[in-house]
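[1] sequence below, structure please.
(4 chains)
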Protein chains: 2
Amino acid sequence: MTTAAPTSSSRELPHPTREEIRLEPVLHALSDPMRLQVVRELAADGDELSCSHFDLPVTKSTTTHHFRVLRESGVIRQVYRGTAKMNGLRRDDLDDLFPGLVDSVLTAAARQAVRLGGS
Amino acid sequence: MTTAAPTSSSRELPHPTREEIRLEPVLHALSDPMRLQVVRELAADGDELSCSHFDLPVTKSTTTHHFRVLRESGVIRQVYRGTAKMNGLRRDDLDDLFPGLVDSVLTAAARQAVRLGGS
DNA sequence: CGACTCGTACGATAGGCATCGTAGTACGGG
DNA sequence: CCCGTACTACGATGCCTATCGTACGAGTCG
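    Below is the predicted model:
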């Protein structure tokens, strides 16, 4: 029994604090094409996107896994909102810890997309 | 010692061309602490460091493996010079493909080292 | 030549991870 | 209250990878 959990929004998800975020896991999280795509969409569309908004070519289980990797590495923040789970890029934290990193990765990804899709 | 003899030997190593370098493998290569450390030293000390110069806490076999990952992802260039294999960061190629990326990663790594090591 | 150094190749191993499928939980609406 | 939707948990699987040890090739120097 949950002892007096007040909460409708008691479904809280564990996030690393800003100080706990490490560069290597962040780079690893971004090195997966699927996750990099998610991050690009989050950066472009603002930070209130549900998991189901993303139409990834994998099953829901796998999608859950990727979002967890992103969250646990500190790249995104996830909050339940009813049945949906909203995702947002932790730009403030990342920019503070690693100035310019997110921008350069996003720019690099965009340039590469143009370069590869370019015809 | 160093005779005026031609530097190159017959032992050539396969490198991706600039156009073949992809962002995801580069990020993956940099996401390993060992390899990130190597890249930091290469960036700091110039680009003529032999593999044996690095005193990594792993065996030689593993060191060879890490250098190969870095080379095949396009992060470093390797050239034989006698028995030694000289390593150099491919800054020109990387900066052209992904402007600012290497710098921000190096800065982030340095900041994190200060933040964690404190001393 | 012979010995030594530097790095490679190959096999083995253990752990990680991306993926799936199925069963289950939380929430909101009829 | 029941059902549908959104996401999770768990187990399984196969691949990738970081690591090692040993045996080997390439080059230098006595």
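
[2] top helix in chain A by residue count?
    helix A:101-117 (DSSP state H).

[3] residues touching it, excluding its own?
    Contact with helix A:101-117 is made by A:26, A:30, A:36, A:39-40, A:43, A:89, A:91, A:94-95, B:22-23, B:27, B:97-101, B:103-105, B:108, as judged by Cβ atoms under 8 Å, 6 or more residues apart in numbering or on different chains. No exception for glycine: its C-beta is placed from N, CA and C like everyone else's.

[4] mind checking pLDDT for residue A:47?
    Per-residue pLDDT puts residue A:47 at 78.

[5] surely it meets residue A:87?
    Yes: applying Cβ atoms under 8 Å as the test, residue A:47 and residue A:87 come out as touching, 7.3 Å apart.

[6] circling back: from the contacts of helix A:101-117, which land in helices?
    When helices are assigned by DSSP H, the members of the contacts of helix A:101-117 inside them are A:26, A:30, A:36, A:39-40, A:43, A:91, A:94-95, B:23, B:27, B:97, B:101, B:103-105, B:108.

[7] just the buried members of these?
    Neighbour-count burial within the ones in helices among the contacts of helix A:101-117 applies to A:26, A:30, A:36, A:39-40, A:43, A:91, A:94, B:23, B:27, B:97, B:101, B:103-105, B:108; the criterion is 16 or more other Cβ atoms under 10 Å in any protein chain shown.

[8] which single one of those is nearest to residue B:16?
    Closest to residue B:16 out of these is residue B:97 (10.9 Å), distances taken as Cβ to Cβ.

[9] tell me how far the closest one lies from residue A:112.
    8 Å (Cβ to Cβ, to the nearest Å).

[10] which neighbours do those two have in common?
    residue B:23.

[11] kindly report the residues of chain A close to DNA strand C.
    Counting by Cβ under 7 Å from any atom of the strand, the positions of chain A adjacent to DNA strand C are A:7-11, A:28, A:32, A:34, A:57-62, A:65-66, A:69, A:80, A:82-83.

[12] these also near DNA strand D: which ones?
    Of the entries in the residues of chain A next to DNA strand C, those that also sit close to DNA strand D under the rule Cβ under 7 Å from any atom of the strand are A:60-61, A:83.

[13] in helices only, show me those.
    In helices, judged by DSSP H, the following of these are found: A:60-61.
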